[in-house]
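Asker: Prediction below, plus the sequence it came from.
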Amino acid sequence: MGTTLAGKQADVEVASLQIGFQLEARRLPLVGMSYDPRSDVLQLLVGDLSHLIRAPRELYVDEEPLGLITFQIIDAEGVRQIITLREPLRLPVPHALLT
């Protein structure tokens, strides 16, 4: 995984006519992505979740100026997997911890 995606947090959503819209993961750290051409499976590792996309057929990528990246992957059955990557929230250190 390249440095561009390292440290991002991921939302994983699944949408189809049969199952509707389902949120699989929300703001989990992206650990890795891999594709196995022999089994035709794309594996997305976010936090402790291993999300498998079997027979991916189409891939769309949208990158926005503030670092938000969205992948939309459509499998052979027409199920849409929407993966949104964003920078983790960087909250300021509380003043009490600085003294």
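Answerer: Alright, I've got the coordinates.

Asker: Enumerate every residue touching the spatially most central residue of the chain.
Answerer: Centroid-nearest residue in the chain, with C-alpha atoms, centre = their mean: residue 83, separated by 3.5 Å. Listed by C-beta atoms under 8 Å, 6 or more residues apart in numbering, the contact partners of residue 83 are 10, 11, 12, 13, 44, 70, 71, 72, 73. Any C-beta I mention is one placed from the backbone N, CA and C, and that applies to glycine too.

Asker: one more time with 6 Å, if that's ok
Answerer: Going by C-beta atoms under 6 Å, 6 or more residues apart in numbering, residue 83 touches 10, 12, 71.

Asker: ok, what's across the strand from it?
Answerer: Beta bridges link residue 83 to residue 12, residue 71, judged by DSSP bridges.

Asker: do residue 28 as well
Answerer: Residue 28 forms beta bridges with residue 10, as assigned by DSSP bridges.
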